[in-house]
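Enquirer: Can you look at this prediction? I've put the sequence above it.
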Amino acid sequence: MVTKEAKLKKNYLDKDVEMISTREGFGQGLVELGEKNEQIVVLCADLTDSTKTSPFRERFPERFIQVGIAEQNMANIAVGLSLQGKIPFLATYAVFSPGRNWDQIRISGCYNRANVKYAGAHSGLSVGPDGATHQALEDIALTRVLPRMTVLVPCDAEETRKVTHAAADINGPVYFRYARAATAAFTTAQTPFKIGRAQVFRDGDDVAIIGAGPIVHTALVVADRLVEKNISCRVINSPSIKPLDGETIERAARECKALVTCEEHQVTGGLGGAIAEYTSKTFPVPINFIGMQDSFGESGQPNELLKKYKMDAEAIEAAVLAVVKRKRT
Amino acid sequence: MKRLTELKDLRRMASTLRQDVIEMLVEAKSGHAAGALDLADIAAALYFNVLENFGPQEITNPDRDRLYISCGHTNPIWYAAMARSGFFPVEELKTLRKFGSRLQGHLERGSVPGIESSAASLGQGLSISCGSAYAAFIDQQRYQTYCVLSDGELDEGSVWEAVGFAGHYRLQHLTAIIDRNNIQIDGFTEDVMTKEPIDQKFEAFGWHVIDVDGHNIEHVIDACREAKAIIEKPVCIIAHTIAGKGVDYMEFDYRWHGAPPGGAETERAPKPEEQGKAALKQLRTLHGKIDNSDCC
Ligand SMILES: Cc1ncc(C[n+]2csc(CCOP(=O)(O)OP(=O)(O)O)c2C)c(N)n1
Ligand SMILES: [Mg+2]
């Protein structure tokens, strides 16, 4: 059953649950932050509308900086701003930041302990028809390996709004990714969010599905379906990839003895990788990984792509059934 | 491949390519119209006249001219030019951006024959072209390397690293063609980030620069010939174009950078559901306008 603490929307499993892209939550969060804190500045590289930095630009034009198509320059302008006390958020497609400017992020951002917030738009496979070149499936890996970096992956628009606030609240470099496609808006303002914490959205003790991003909603759908097959799934939302909530994850490993990780990302280096690394040191159990299996994406509609690359409900269900069989008794 | 030598045939080809672009984008319901349309005359000139030892039968010919598209989002026009010159069936154009298609949202090397390099992340093609021209120098090859860039791309520092490299090594047989259409995503190029003076910047790095009307096929061909004849330095052709050229309601309007006909609401455009038809109709009835017969 869904936990009380999760405070999900009552109709979270219904067909009529509202669909909002996570980028809307980012756009809203940025404006709220701008109102609260005059030090917030926003940079963008010729993608103002699609990254949803446009509402901030309309509201605070003097604190919005257009850098042109120059992601490397943008990353270091942000560092220079942060060293003078500003809190810069820079946004472009995740394939270009951290894709294009990783060296700048590593040395000038992280090594400098710069207070810069990197927002990676159009993440995941569900970018759709633009194809492989625009589908960021490596950004979590790229940022997770950086010392001093915090990495966050929100599951819906509301959580993205919270992540935007949380990123500003801590001092230091933060990367978070968000997406283009409209996805289920299933959490509420009361759903807890804290950097370093995962939330158990649904109780269960046969298998724990741990996800990050909009795919967490799919995991909830699967958990509900599997009741019929007498499998009790715990569903954990783990937006904080780094720092990881080791306690919640270890507890899931001990109590469920099998895990499935879910993310719109390569299965190497992302949330699944982080969980495998952590549990191997604490309480190793079988894990099945939902995500991109070492390939590039392609053009198509989001649902077609999620099906082909096995990130839809059917694939998650199959992964759960398979991992149950691998459980050590 | 059949080379077109008559100007009227090349102009007709440019119109056909524009029509293909519109039909592809209407069918795909997403994609980039403005740049693809304004590059039609340049694409017709390159594919059907300028490029040598080039065509579906030549894709492994070491002497073929190399064409690197750096602005991958303009792919509809390149797919159209490839299909019309026989690299793959014309019918396949309507699968653009669809699930399972070989015609991806951005160019992918290896998907269909004739794509020399994948492209989408801006500012990379000129470096690749420098590598191609440098290899020709090492191997004493005579092929010409062409690189088509967009003007928005000039924001990228990597472009200028390549410009400096080519100037430093006085790379021969390298022609960069810049689609100077004055738009990028967030607005007019000079509002987003100053690009000018593009000619003086290239010259300062040791390039020869030729300005040309990018819709005048004859002049584009002449400029490419001149560029080829200059062997002591790399050459940059600044092709002045009108964004969205050929579709009245798109011309000069940056909002059509990333939208297909039917995909945006603007003051000058008809209702979205009528935009595709209107675009095709304008192409036909405005034939003289895009045909440029008056200025040649
Ligand atoms: C490195 C990189 N940054 C950002 C983008 C996103 N993007 C795609 S096209 C474009 C700019 C459009 O300007 P231009 O290239 O001049 O295109 P035009 O509409 O004139 O064809 C941008 C910013 C990208 N493709 N690559
Ligand atoms: Mg342009």
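Expert: All right, it came through fine. Ligands and ions are numbered 1, 2, ... in the order given.

Enquirer: any chance you could map the helices in the chain?
Expert: Reading this off chain A. A:22-36, A:54-59, A:71-83, A:102-103, A:139-144, A:157-169, A:215-226, A:246-256, A:271-282, A:302-308, A:313-325 (DSSP state H).

Enquirer: was after chain B, sorry
Expert: Ranges of helices in chain B, per DSSP H, are B:7-28, B:34-38, B:40-45, B:75-84, B:125-138, B:157-168, B:189-192, B:198-204, B:217-229, B:272-285, B:287-291.

Enquirer: And ligand 1, is the second one touching that?
Expert: Yes - between helix B:34-38 and ligand 1, judged by Cβ under 6 Å from any ligand atom, the touching residues are B:34-35. The C-beta positions use only the backbone N, C-alpha and C, and glycine is treated the same way.

Enquirer: name the helices or strands packed onto that helix?
Expert: Helices and strands touching helix B:34-38, by 3 or more Cβ pairs under 8 Å, 6 or more residues apart in numbering or on different chains; DSSP states H and E, are helix B:7-28, helix B:75-84.

Enquirer: Just the CA trace of that helix, in PDB.
Expert: Output of helix B:34-38 as PDB, limited to C-alpha atoms (Å, rounded to 0.1, in the frame of the first residue of the first chain):
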ATOM      1  CA  ALA B  34      13.700  27.700 -41.500                       C
ATOM      2  CA  GLY B  35      17.300  26.600 -42.100                       C
ATOM      3  CA  ALA B  36      16.300  23.600 -44.200                       C
ATOM      4  CA  LEU B  37      14.300  25.800 -46.600                       C
ATOM      5  CA  ASP B  38      16.900  28.600 -46.900                       C
END
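
Enquirer: Can you give me the first-to-last residue distance of stretch B:241-260?
Expert: Chord length of stretch B:241-260, first to last residue, is 19 Å (Cα to Cα, to the nearest Å).

Enquirer: right, and B:His219 touches B:Asp211 too?
Expert: No - taking contacts as Cβ atoms under 8 Å, B:His219 lies outside contact range of B:Asp211: 9.7 Å.

Enquirer: quick one: which of those two has more around it?
Expert: The neighbour comparison of B:His219 against B:Asp211 (other Cβ atoms under 10 Å in any protein chain shown) goes to B:His219, with 21 against 15.

Enquirer: From A:Pro55, how far off is A:Glu35?
Expert: 11 Å (Cβ to Cβ, to the nearest Å).

Enquirer: Save the helices of chain A as CSV, and put in distance to A:Gln190, mean neighbour count and mean pLDDT too.
Expert: Output for the helices of chain A, formatted as CSV (distance: least, Cβ to Cβ, whole Å; neighbours: other Cβ atoms under 10 Å in any protein chain shown; pLDDT from 0 to 100):
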stretch, distance to A:Gln190, mean neighbour count, mean pLDDT
helix A:22-36, 15, 22, 98
helix A:54-59, 24, 18, 98
helix A:71-83, 32, 22, 98
helix A:102-103, 37, 16, 98
helix A:139-144, 27, 26, 98
helix A:157-169, 10, 24, 98
helix A:215-226, 17, 24, 98
helix A:246-256, 19, 19, 98
helix A:271-282, 24, 19, 98
helix A:302-308, 29, 18, 97
helix A:313-325, 26, 18, 98
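
Enquirer: Would you format these as a markdown table with distance to B:Asp65 included?
Expert: Listed next are these as a markdown table, based on distance: least, Cβ to Cβ, whole Å:
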| stretch | distance to B:Asp65 |
| --- | --- |
| helix A:22-36 | 42 |
| helix A:54-59 | 42 |
| helix A:71-83 | 31 |
| helix A:102-103 | 34 |
| helix A:139-144 | 37 |
| helix A:157-169 | 48 |
| helix A:215-226 | 46 |
| helix A:246-256 | 56 |
| helix A:271-282 | 45 |
| helix A:302-308 | 36 |
| helix A:313-325 | 46 |
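
Enquirer: and the residue nearest the centre of chain A, what does it touch?
Expert: Against the mean C-alpha coordinate of chain A, by Cα atoms, centre = their mean, the closest residue is A:Val153 at 1.8 Å. By Cβ atoms under 8 Å, 6 or more residues apart in numbering or on different chains, A:Val153 lies in contact with A:140, A:176-177, A:212-213, A:239, A:241, A:263, A:271.

Enquirer: top of these by neighbour count?
Expert: Neighbour counts for the contacts of A:Val153 peak at A:Ile140, which has 34 neighbours (criterion: other Cβ under 10 Å).

Enquirer: Check the contact between that one and A:Gly270; I expect there is one.
Expert: Yes - A:Ile140 is within contact range of A:Gly270, at 4.2 Å (criterion: Cβ under 8 Å).

Enquirer: shared neighbours of those two, which are they?
Expert: In contact with both A:Ile140 and A:Gly270: A:241, A:263, using Cβ under 8 Å, 6+ apart.

Enquirer: residues from chain B in reach of ligand 1?
Expert: B:34-35, B:71, B:73-74, B:120-123, B:150-153, B:181, B:183-185, B:243, B:257.

Enquirer: Can you flag which of these belong to strands?
Expert: B:Ser150 (DSSP state E).

Enquirer: For ligand 2, tell me which of the residues of chain B next to ligand 1 show up nearby.
Expert: B:150-152, B:181, B:183 (Cβ under 5 Å from the ion).

Enquirer: Can you tell me which of those is nearest chain A?
Expert: B:Gly152 (5.5 Å; Cβ to the nearest Cβ).

Enquirer: Okay, the closest one and A:Gln39: tell me how far apart.
Expert: Here B:Gly152 is placed at a distance of 31 Å from A:Gln39 (Cβ to Cβ).

Enquirer: what about the two, which has more around it?
Expert: B:Gly152 (28 against 17).
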